[in-house]
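Trainee: with the input below, show me the fold.
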Amino acid sequence: MIQEQRTLKQKFFLVLKGLAMGAANKVPGVSGGVVAFVTGFYEEFIYSLKQINTTALKLLVNGRFKSFYHHINGPFLTLLFTGIILSFFSISKLLDYLIKHFELLVWSLFFGLIIGSIYQINKNFKDWNLRTYTALLLGILIGISVSFLNPAKENDNLWFVFFCGIISVSGMTLPGFSGSFLLILIGNYVLLLVDSVNALSTTLYEVLGGNYNFLNNPQRIRMLKVLIIFTLGSIAGLVSFSHALSYILKRYKSITLSSIIGFIIGSLGVVWPWKKIIFKKNINNEFILDSRGLKIIENYKRYIPEINVETIYATLCIITGVLIVLILESYNKKTTHTDV
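Mentor: Residues are numbered from 1 along each chain as shown. All right, here's what the predicted structure looks like:
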């Protein structure tokens, strides 16, 4: 399954897939794992991460860096994570802007992307029986249940931040589970995917300009510590999830895939475009703010839209999202013999 040699075109598209995966992970309700699934590199992604094991550690300790690099399918992981990392400093910021100013259209596009993903994954899955239908139903129920949970308060305890890192990468390894949405539920989305990333961006900009004043800024140092611990948790989560999923996919592939389809269907409740944010209020009907003065989200109120120009635009975005998935699938079929 691992292919060492890739053309320049394939390498470029793998970086683009990493960009898409990273951007999807940033959006609450959207799973980067769905991107991996639809664009055809999910199993190689899981297998490559599984190769980070005791054998890899021995190679690294013994200074056999080239052997270590190829053992973990380094060429593949390097290109993919280059795209993922770049997305946090580029596409993710663009998405933040678009969600702020064109929220309905963005959610509609992602809703269409997920519908298209469900269609494609289901079309390629043939092993339907009582067990897989049961797994599908359980996956749907779990996905829907998660989408209706209430968010918790922010917690910057470093042990909890490490745990958040483990949770956040679930969306990369398990299609249908949104790591960013889970971070909202446990209260740390803004802290870990907005504040800490912005702190790193600002720090890098200052360091490149020869400014090291951040060393005297306790709040900045705290944010950087939070980001480091969060990153370590994410790495631990990626490796542990990949080992577990590789084992499960090898022995219970059909049940696992039908569950994943169910998770993705259940996630439609999170990405439903027509919803209003319900903010927490106290007994005096005043908004409850967090430590940064931001309103604390309590829940989302979903509704059926009226037929108007805005709804038509949103519907067109949903159709566009479906078409994007169909085009990607068509491209993957044409390049099956050499694609990543």
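Trainee: L191 contacts D156, correct?
Mentor: Yes: L191 is within contact range of D156, at 6.0 Å (criterion: Cβ atoms under 8 Å). Backbone N, C-alpha and C define where each C-beta goes, glycine included.
Trainee: what's the overlap in contacts for these two?
Mentor: By Cβ atoms under 8 Å, 6 or more residues apart in numbering, L191 and D156 have these common neighbours: V226.
Trainee: which one of these two has more residues nearby?
Mentor: L191 (22 against 19; other Cβ atoms under 10 Å).
Trainee: and the more buried one, what does it touch?
Mentor: 154, 156, 161, 226.
Trainee: what's the closest of these to L208?
Mentor: Proximity of those to L208, judged by Cβ to Cβ, is greatest for V226, which lies at 21.9 Å.
Trainee: sorry, back to before: now render the contacts of L191 as TSV, adding secondary structure and distance to L245.
Mentor: Formatted as TSV, the contacts of L191 follow (DSSP: H, G, I helix; E, B strand; the rest coil; distance: Cβ to Cβ, whole Å):
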residue	secondary structure	distance to L245
E154	coil	29
D156	coil	30
V161	helix	24
V226	helix	27
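Trainee: and of the residues you listed, the nearest to I260?
Mentor: V161 (27.7 Å).
Trainee: what's the burial count for that closest one?
Mentor: There are 23 residues near V161, going by other Cβ under 10 Å.
Trainee: now do the SS call for the closest residue to it other than its chain neighbours.
Mentor: Take V161 and drop its neighbours on the chain: the residue closest to it by Cβ to Cβ, 6 or more residues apart in numbering is I229, 4.8 Å away. Under DSSP: H, G, I helix; E, B strand; the rest coil, I229 falls in the helix class.
Trainee: verify the stated contact: I229 with F160.
Mentor: No: judged on Cβ under 8 Å, I229 makes no contact with F160 at a distance of 9.4 Å.
Trainee: those two: which is more packed in?
Mentor: Using other Cβ under 10 Å, the more surrounded residue of I229 and F160 is I229, with 22 against 16.
Trainee: quick one: contacts for the more buried one?
Mentor: Counting by Cβ under 8 Å, 6+ apart, the residues that I229 touches are 158, 161-162, 165.
Trainee: gap between it and V239?
Mentor: 16 Å (Cβ to Cβ, to the nearest Å).
Trainee: S180 now?
Mentor: 20 Å.
Trainee: how about G74?
Mentor: Counting by Cβ to Cβ, the gap from G74 to V239 is 15 Å.
Trainee: and the spatially closest residue to L227 that is not a sequence neighbour, what is it in contact with?
Mentor: Among residues not flanking L227 along the chain, S196 sits closest, at 3.9 Å (Cβ to Cβ, 6+ apart). S196 makes contact with 223-224, 226-227, 230, according to Cβ under 8 Å, 6+ apart.
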